[in-house]
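Engineer: how does the following fold in three dimensions:
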Amino acid sequence: MSRAIYFDHDGALDDLLSLALLTRYRGIALKGVTVTPADCLIGPAVSATRKILDVAGAHEVPVAEGVLTGPNPFPLEWRVDALRADALPVLNQRDPRTLVSELPAHEQLAQWLLAAPEPVTLLMIGPLTNLAWCLDEHPAVEAKIAELVFMGGAIDVVGNVDEPGHDGSAEWNVYWDPGAAHRVFASRIPITLFPLDATDQVPITPEFAQSFGRTYGAPLGDLAGSLLAMTFGCFETSGFAYCCWDSLTTSYLAEPELCEFEDVRCEVLTTGPSQGRTVRSDTGRVVKCARKVDVEGFYRHCLETLTATPEFSTQ
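Structural biologist: Numbers count the residues shown, from 1 in each chain. Down below sits the predicted model:
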């Protein structure tokens, strides 16, 4: 029997790559997708999500558009990547059939979780705002989540937030809505955390991006190569390398052995110049934290998965 997955992402290039990966995993039943309006323009991000599901032969997977926002917006120059991705030729060969839910993402997520016949896995590679709302408004959802797999935080490394008045110690998915992360971390949901400590180990290199050109003609492989190529210039304009933050997190569902893990007790700071920081704390909650990555194994996993013969399940 396949493992039931609900997926929440926020529309950046690596998020869309993660969605493509997720549609190709054996033993994974993707039940629904919610899109958070964080590191994206929400309209193009939802549109690109629908188109990727169509290309993957997964148009029956429902998509819900997020409306809840965090207090610390992502830079606009990052958010417009969704607009560019939505225009890629590989995603525009026909009109998408995948439908958008009439409910906003947070309400739809709550409905899906409450109706789940048994506990599910929740993969969240953007901020935790939708889940925090669910926990506050529908406490019963907590028991419906067997595992939360979350890309966020920076435990023993510097963060990637460079904003006026902030000390740079936070990671963006947590910083966008520190209160939401704090709420989720206060729950009893088992959390598997992929912080910058692990995800920064897999930068997008020219060799990795160009490897998809050697298998050109596989639609999801062509999409992956295009998305990876669109990340070039990140270091020159922002000062940090674009990494496979989200796709590494997603790969855990198919190949958990790509990473080594450590139990870490930590908490989320919600105020002051360090708001959004995830810190080790004797009084914090324990998370299963990714620490060391099989880098070459991960790159190989992405290439092989996205250029292989299609296989998808919602069962």
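
Engineer: how about the strands in the stretch 1-150 of the chain?
Structural biologist: Ranges of strands in the stretch 1-150 of the chain, per DSSP state E, counting those that start in this stretch, are 3-9, 28-35, 63-65, 120-124, 145-151.

Engineer: how about the ones you listed in JSON lines, adding distance to residue 57, mean neighbour count and mean pLDDT?
Structural biologist: Using the backbone N, CA and C atoms, a C-beta is placed for each residue, glycine as well. Formatted as JSON lines, the strands of the stretch 1-150 of the chain follow (distance: least, C-beta to C-beta, whole Å; neighbours: other C-beta atoms under 10 Å; pLDDT from 0 to 100):
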{"stretch": "strand 3-9", "distance to residue 57": "16", "mean neighbour count": "23", "mean pLDDT": "97"}
{"stretch": "strand 28-35", "distance to residue 57": "12", "mean neighbour count": "24", "mean pLDDT": "97"}
{"stretch": "strand 63-65", "distance to residue 57": "15", "mean neighbour count": "23", "mean pLDDT": "98"}
{"stretch": "strand 120-124", "distance to residue 57": "20", "mean neighbour count": "24", "mean pLDDT": "98"}
{"stretch": "strand 145-151", "distance to residue 57": "24", "mean neighbour count": "23", "mean pLDDT": "98"}
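
Engineer: chain neighbours aside, what residue packs nearest to the residue of the chain most remote from its centre?
Structural biologist: The C-alpha centroid of the chain is most remote from residue 282, which lies 28.1 Å away (C-alpha atoms, centre = their mean). Using C-beta to C-beta, 6 or more residues apart in numbering and skipping residues adjacent in sequence, the residue nearest residue 282 is residue 265, 6.6 Å away.

Engineer: which SSE is immediately downstream of the helix or strand containing the one you found?
Structural biologist: According to DSSP states H and E, residue 265 maps onto strand 259-268. Downstream of strand 259-268, the next assigned helix or strand under DSSP H and E is strand 278-280.

Engineer: how far off strand 259-268 does the helix or strand just after that next one point, in degrees?
Structural biologist: Downstream of strand 278-280, the next assigned helix or strand under DSSP H and E is strand 285-293. If you take axes from the mean of the first three to the mean of the last three C-alpha atoms, to 10 degrees, strand 285-293 sits at 140 degrees to strand 259-268.

Engineer: which secondary structure elements does the helix or strand following strand 285-293 sit against?
Structural biologist: Downstream of strand 285-293, the next assigned helix or strand under DSSP H and E is helix 295-306. Secondary-structure packing of helix 295-306 (3 or more C-beta pairs under 8 Å, 6 or more residues apart in numbering; DSSP states H and E): helix 13-22, helix 206-211, helix 219-229, helix 245-251.

Engineer: what residues of the shortest one count as buried?
Structural biologist: Spelled out, that is helix 206-211. By neighbour count on 16 or more other C-beta atoms under 10 Å, the buried set for helix 206-211 is 208-209, 211.

Engineer: average pLDDT for that helix, rounded please.
Structural biologist: Taken as a whole, helix 206-211 carries a mean pLDDT of 94.

Engineer: which ones are touching the residue nearest to residue 282?
Structural biologist: 280-287 (C-beta atoms under 8 Å, 6 or more residues apart in numbering).

Engineer: so who does residue 299 touch?
Structural biologist: Shown in contact with residue 299 (C-beta under 8 Å, 6+ apart): 202, 208, 211.

Engineer: with residue 307 instead?
Structural biologist: Going by C-beta under 8 Å, 6+ apart, residue 307 touches 212, 215, 218, 220-221.

Engineer: what do you get if the cut-off is 7 Å, keeping everything else the same?
Structural biologist: Taking C-beta atoms under 7 Å, 6 or more residues apart in numbering, we find residue 307 in contact with 215, 218, 221.

Engineer: so it versus residue 61, what's the distance?
Structural biologist: 21 Å (C-beta to C-beta, to the nearest Å).

Engineer: now the helices for the stretch 101-250 of the chain?
Structural biologist: Applying DSSP state H, counting those that start in this stretch to the stretch 101-250 of the chain gives helices spanning 105-115, 129-137, 172-175, 178-185, 196-199, 206-211, 219-229, 234-238, 245-251.

Engineer: which residues sit in contact with the residue lying closest to residue 201 once chain neighbours are set aside?
Structural biologist: Closest residue in space to residue 201, ignoring its immediate chain neighbours: residue 293 at 4.4 Å, by C-beta to C-beta, 6+ apart. Contacts for residue 293 (C-beta under 7 Å, 6+ apart) come out as 198, 201-202, 248, 258-259.
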